[in-house]
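Chemist: sequence isn't available, so here's the structure alone:
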């Protein structure tokens, strides 16, 4: 098993040996993940998604991952609040959906330069909506971590929805 590197922080993230699906990236995604350097080849295509920024080809109406940068999250919770809540409502209708933020919780609590938004309000909104809409909200310390988490979320959704068996990978103590 190969490991993708987060060169900025010297961490590595374990990845599956292969991804037997095609990742769909929404055409409106402003800063799409490349999925390069993941240690495996990831096939991608562009498409217009009903919700989210990433899905799996053939499962676009069942699986969605919404990606947010720190700045985008602050803006979405303040001036774009109604739009973000409507996105959560749509994501709640999917069989598998998540929001992945490219910032850790501690980074969120540091606030955002130039923003008047209370950082605790940002986290409280995430907690409230994750519970209300049953859509998990993942905070990742780096973009590399967010990219890895997105891909693994899609992989587990694909396994569950296709009935494929999960394999134990080198280094894993138990199959997840």
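Modeler: That came through fine. In this text the structure is predicted, and so the values were computed from the model without any measurement.
Chemist: isn't residue 31 right next to residue 71, touching?
Modeler: No: Residue 31 is beyond contact range of residue 71, at 10.7 Å (criterion: Cβ atoms under 8 Å). Heads up, the C-betas are built off the backbone N, CA and C, glycines and all.
Chemist: more neighbours, these two?
Modeler: A direct count of neighbours by other Cβ atoms under 10 Å for residue 31 and residue 71 places residue 71 higher, at 14 against 10.
Chemist: mind checking the pLDDT average for the helix or strand containing the more buried one?
Modeler: Element membership for residue 71 (DSSP states H and E) is helix 70-77. Taken as a whole, helix 70-77 has a mean pLDDT of 96.
Chemist: ok, now stretch 159-167?
Modeler: Rounded mean pLDDT across stretch 159-167 is 82.
Chemist: got the buried residues for the lengthiest helix in the chain?
Modeler: If you go by DSSP state H, the chain has its longest helix at helix 143-162. Residues of helix 143-162 classed as buried: 143-155, 157-159, 161 (neighbour count, 16 or more other Cβ atoms under 10 Å).
Chemist: list the contacts for residue 56?
Modeler: 21-24, 63, 154, 157-158 (Cβ atoms under 8 Å, 6 or more residues apart in numbering).
Chemist: equivalent analysis for residue 140, please.
Modeler: By Cβ under 8 Å, 6+ apart, the neighbours of residue 140 are 100-104, 146, 149.
Chemist: show me those residues that map onto strands.
Modeler: If you go by DSSP state E, the contacts of residue 140 have 100-101 in strands.
Chemist: looking at the contacts of residue 140, which is nearest residue 54?
Modeler: Taking Cβ to Cβ as the measure, residue 54 lies nearest residue 100 of the contacts of residue 140, at 8.6 Å.
Chemist: strands along this structure, start to end?
Modeler: 5-6, 11-12, 22-26, 43-47, 54-56, 63-68, 96-101, 137-139.
Chemist: now do the third one against strand 63-68, angle only.
Modeler: The one in question is strand 22-26. 50 degrees (axes from the mean of the first three to the mean of the last three Cα atoms, to 10 degrees).
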